[in-house]
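**Q** Sequence first, predicted coordinates after that:
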Amino acid sequence: MTQSPLTGTAFGSVPVRIAVLYTLFGLTWIWLSDSALIWLGLGADQVFLTGALKGTVFVALTAALLYWLVRREIAVAERSEGLLRAVVSETTDAVFVKSIDGRYLLANEAASRVIGRPVADVIGRRDLELLEAPDADRVIAHDREIIAGGTAVTFEETLTLSGLERTFLSTKAPFRNADGTVGGLIGVCRDISDRKATEDALRVGIDDLTQAENALRQTEARLREAQRIARLGSWNWEPSTDRVWWSDAEYELFGLDRRSVQPSFESFLAVLHPDDRATAVERVDTMLQGADEIANDLRVIRPNGDVIWIHSRARATRDAAGKLILVEGTDQDITETMTSGLQLSAERDRFEKLMEAVPLAICSFQLSSDGTIRMPYASPHIESIYGIPPADLAQDASGVFAMIHPDDVDRTRACVEESAQTLTLWRDEFRVLNPSVGEIWVEGCSAPLRLPDGSILWHGYVNDVTNRKMMEHALRDSERRLRLALEAAGAIAFTWDIREDRVVRYFSTETALPVTEEQPGKLNGVRSQIHPDDLPGFDDRLSACLQAGTEYRNEYRVIRPDGTLTALEEYGYLDRDADGSPLFLTGIAVDVTARVAATEALRTSEARYRQLVDLLPTAIFVYADDAILYGNPAFLRMIGTNGPEDLIGRSPFEFAHPSAHDAIIRCHELCTRTGDVAPGFEMRLVRKDGRSVLVHTVAAPISGFGQPTILMAVTDLTERERATQLLRSVLSSVDDAILTIDRQGVISSANPSTLSKFGYAEDELIGKNIGMLMPEPHCREYGTYLNSYIKTGTSKVIGIGREVECCRRDGTRFPAELTVTEFSLEGERRFTGVLRDTTERQKLQAQFIQAQKMDAVGRLAGGVAHDFNNLLTVIAGHCDLLMMSDLPADDYRRDSIAMILDAGERAARLTRQLLAFSRKAVSEPRLISLNDLVSNSLRLLQRLIGEDIILISNADPRSIYVTADPGQLEQVVMNLVVNARDAMPTGGKLTIETSVVEETNAENTNSVPSRFACLSVSDTGHGIPDDIKNKIFEPFFTTRSVGKGTGLGLSVVHGVVNQHNGQIRVESFAGSGTTFRILLPLVTDASQEISPESANPAAPGTETILLVEDEEAVRQIAGISLKSQGYTVLEADGATTAMQYAETYDGEIHLLVSDVVMPEMGGWKLFEAIRQHRPGLRVLFMSGYTDDAVLRHGVVDASNAFIQKPFTPLSLARKVRETIDSPDE
């Protein structure tokens, strides 16, 4: 820095002061000395000698006086100039002085950084040589205005420096020479670019706050509406004024009119049930005596006589002295909730009775990922199949496979595995070796579902089908006999698929009939072989059957290939669908050419007719006068008789279920009276073994028996009934609500899940409009979408899954995903809706959003901690330097400096807490005293838990040392204390203890020591229920409501303890408090005693250190600290300057001390770049950022090559010495 032009002005008054002092001294000397000579009365010689002596003394004294005055003035001037130079050099603001012609006479280091040139290049130059032309012209013009004005001016100016536009707050003033003329300009500039950006951001924040206030008012309005819809009223009471306030929803809940009833405790008592009024008075007394929160279920009698249940909750607000100042509460209608318990119990009982009545064994089969098998549910009939009680199967169902027949077990296992892999329906038939009855056939069918834990759960049934298998075997034998009979008779069995016009003929004999092929043909192919004279009759009889009949009979002649004629007689049965349309014509064609006589022809015809009837799969029997005359084999099989002898002569009512007797009588009367076929109906037949069979019956009068006779055709509906039961079982097993509606929106069916989700009984739902399950206004809008689809065929509700809101019977709402599909039933359009409750999914989404918020807060906390660490490094560093200066020990300023250091240490702890909160602190394990850590945390913990909880600390008298990160261990203590506080909402006792415990049975004795340092945190709260104790360490698991916690506290505790090779134990019982015990490996080596840092001064050094730090204040204090230890320090403000030192410095650079995160290049990349030029270079990183930023820039953990900001000069010097002296890797 050049000499200040003000120096001359400061010394300008020195000669004047010396001249004045000299004159005063000389006059005083002359007057006093001459007066003394006159007073003494000396002679002339004596006067001369005395005068000479007096003059000599005067000259000596005046010379000494002049020397002393000049030395004092010079010292004062040098001290002033030194102070001025220090102020100008050390300030971070740019300070400069210009001459009248604009040349720089003085500029400090800050000014040179602003201009971008060294001080030596700035002195003597003008702005046109240093700044860009537009900026230089503007600055010169402004400087001339200030010099002409003669006064100081403060203003903002913008300059373009190094390609960037920066804003400065400048103060400039003219200075004058000793003669009063203006000598030039003095200026001070401060870079305020960042502050300007902050001000702009603040203005944007104010606008956002205004928008938030508007949104808050809208939210309050919606809250009032939500209270009304949810039948939730709110109120408050001020005890000091006895003022009571009710919300509009409260009046509506009580059925009162705001205009006629004033809110008061008496008004509240008036609407309560007489039996509940004492409870209401008692809870007021309890609140006045100190309770903070009370909840009761009370009955309210509305003016119209209706009695409702309400859940009334009250919460107290007290002042610092504990005086009750306000009580706030809510009342919610819970009438339906109070009665739902009884309804649920009744439904459960009905379900159990239904399962006992169902002949099938209903079960749930679960295959876990580890291969274990169990049946969580099985109806009582399961024991009759496997011989194992349902309770045993719920624990272990592996014995089921052991009971399957050895020939079937592999196939059954493969079928189960395929169903598990593809999640498709499992259906199989297999044999079981029943311990009681021997080998039985079992049919099983179930639908698989993959659970969140990876296991597969099947819902379905198993059924003993031994009898059916025997019947199927008998049927196959019968069919085989029929084939042989047809072949022996030379007949053709045919089937005509009417819709496809496909005729298939079987069992033809070439010599008997003219048709030999068994390949499918068409009806016209058959007609082409019929004699032309017989073709009209053939068509008429066929058409008559197709139009109104079910039985088919025809006679016609066919022309053989050799030209001969063969007479055929056909018998068949027409199958129709539910609409009456013909489907299949099945029958036989018989050659009647050989019929030689009418009697033989009649007998042959009767025999063939009987064969046809016996062939039909439909069961047929004939009765007259309440006695059965005939039954075909299908009917014998249906009722389970051994032969006709068990049937003929018996009453048909013996085989009909009592519920079908009236229908049979009506059918008989109708056939007898009209002679027509009676309409078909469904009934139940009772088999010989007592089992009932659902059948469809058609009755018709027939002749030939000499008396009124009725023929009844019976079709077995067992398979249809089984399919219906299967469908019901599937619908009952799914958790989704499935219901069907017609085109008017009327509900026609609903599965059990629908009833349970919406809270309705089946008779309350079936036949009602679907709108009752929708909240306002959707219950009015859905009809628009449905009608639009019915009219146009397009609508957004069909075939598309979408989110909807549903309304239960009690008025509560829940979100769901709805999918609607269309189907046709009996020609009418109907719709199926599948609803899936998405409440839990939305809760998970809310937890995920909350976790994102916590991550954002953590990032903010980490950024704030970084800035604090830089500031604290500067503050603590300068304070330590002042404490190491030559200030006297009793200087009062030492106390002030000590207070600053203490405040800085508290701020450093605050930054560590911020980093711990953000869960991104760099891990720095070291030897610490567990007792000291707990005692140092007590004051913070007391503020954290509040005054209503008593905090007790019991420290072990022994010294307990562990190797751990202090910040992370403090976070463990804080999380456990916060959990304990929340478990004691009304106060209690919290105890923190330290001890040494012996673990003789540790889980891993090879790696975990047998002696542990134990940290216990105990509370007297409500405890942890057993059903959630194994979930408390899971991430995001919390028992608090949404928005009251993230569920990460104990998961962080668990992670930190595991990271330190420790264990965590939980002892808790509901209602008896909780104790968490943290066991950490105990350090027993006494040589590792902890000693304060101040007791180990850093060793000095003479090495050369390259210091790289972009924050000037931090770089300055670090440089001073290292220079004071004797090091040669090369300071660089970034990677560019550091690389210049590395390439141009002649001597050896022993150590690189670098910040991790810097604008141009990070510390790790800088180290790698410099090591290309200096391979033996060591490095020490420093940073105030959190671990994620440090990791991104290449530093793995807090090893010997890293020091966390803030640091003291002494700690930095130790770390430097330690890094330099560490052995090579």
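**A** Received the coordinates, thanks.

**Q** rest of the way, CA atoms for contacts and neighbours
**A** OK.

**Q** Where do the helices of the stretch 901-1050 of the chain begin and end?
**A** Shown for the stretch 901-1050 of the chain, the helices assigned by DSSP state H, counting those that start in this stretch span residues 930-945, 966-982, 1049-1059.

**Q** any idea which of those is most buried?
**A** Among these, helix 966-982 has the highest mean neighbour count (mean count of other CA atoms under 10 Å), at a mean of 20.

**Q** how distant is it from the center of its chain?
**A** 24 Å (CA atoms, centre = their mean, to the nearest Å).

**Q** relative orientation of that helix and helix 930-945 in degrees?
**A** 40 degrees (axes from the mean of the first three to the mean of the last three CA atoms, to 10 degrees).

**Q** Quick one: list the elements packing against helix 966-982.
**A** Applying 3 or more CA pairs under 8 Å, 6 or more residues apart in numbering; DSSP states H and E, one finds that helix 966-982 contacts helix 892-918, helix 930-945, strand 1011-1019, helix 1049-1059.

**Q** Tell me which of the ones you listed sits nearest to Asn463.
**A** Closest approach to Asn463 among those is made by helix 1049-1059 (48.4 Å; CA to CA).

**Q** tell me the mean pLDDT for the helix or strand following that closest one?
**A** As assigned by DSSP states H and E, the chain's next helix or strand after helix 1049-1059 is strand 1063-1068. The predicted model assigns strand 1063-1068 a mean pLDDT of 87.

**Q** Ok, stretch 430-444 next?
**A** 89.

**Q** same question, stretch 845-865
**A** pLDDT averaged over stretch 845-865 gives 67.

**Q** Please, where are all the strands along the stretch 651-800 of the chain?
**A** Per DSSP state E, counting those that start in this stretch, the stretch 651-800 of the chain carries strands over the ranges 681-686, 692-702, 709-716, 737-742, 747-750.

**Q** Relative to the second one, what are the paired strands and their orientations?
**A** Under the criterion DSSP bridges, strand 692-702 sits next to strand 681-686 (antiparallel), strand 709-716 (antiparallel) in its sheet.

**Q** Tell me which of the helices and strands packed on helix 966-982 lies nearest to Leu694.
**A** Taking CA to CA, helix 1049-1059 is the member of these nearest to Leu694, at 60.7 Å.

**Q** which helices and strands does that closest one pack with?
**A** Under the contact definition 3+ CA pairs under 8 Å, 6+ apart, helix 1049-1059 sits against helix 966-982, strand 1063-1068.

**Q** Figure out how far the shortest one is from the centre of its chain.
**A** Taking CA atoms, centre = their mean, the mean C-alpha location of strand 1063-1068 is offset from the chain mean by 26 Å.

**Q** Return the list of strands paired to the helix or strand following it, each annotated with direction.
**A** Using DSSP H and E, the helix or strand that follows strand 1063-1068 in sequence is strand 1074-1081. Using DSSP bridges, the strands paired with strand 1074-1081 are strand 1011-1019 (antiparallel), strand 1063-1068 (antiparallel).

**Q** which outside residues touch the shortest one?
**A** The reference is to strand 1063-1068. By CA atoms under 8 Å, 6 or more residues apart in numbering, the residues outside strand 1063-1068 that reach it are 1023-1025, 1054, 1057, 1074-1080.

**Q** related to what we said a few turns ago, and of the helices of the stretch 901-1050 of the chain, who's closest to Gly525?
**A** Judged by CA to CA, the one of the helices of the stretch 901-1050 of the chain that comes nearest to Gly525 is helix 1049-1059, at 81.8 Å.

**Q** got the angle between that closest one and helix 966-982?
**A** Going by the same axes, to 10 degrees, helix 1049-1059 makes 140 degrees with helix 966-982.

**Q** Tell me where the stretch 751-900 of the chain is predicted with low confidence.
**A** The stretch 751-900 of the chain contains residues with pLDDT under 70 at 778-800, 847, 850-851, 853-863, 865-866.

**Q** got the end-to-end distance for stretch 1142-1159?
**A** End-to-end distance of stretch 1142-1159: 19 Å, with CA to CA, to the nearest Å as the criterion.

**Q** if you compare the strands paired with strand 1074-1081, which one is most tucked away?
**A** strand 1011-1019 (a mean of 22).

**Q** residues near Asp208, how many?
**A** Neighbours of Asp208 under the rule other CA atoms under 10 Å: 11.

**Q** Please give the element, helix or strand, for it.
**A** Using DSSP H and E, Asp208 sits within helix 193-229.

**Q** Can you tell me which of the helices and strands packed on helix 966-982 has the worst average pLDDT?
**A** helix 892-918 (a mean of 68).
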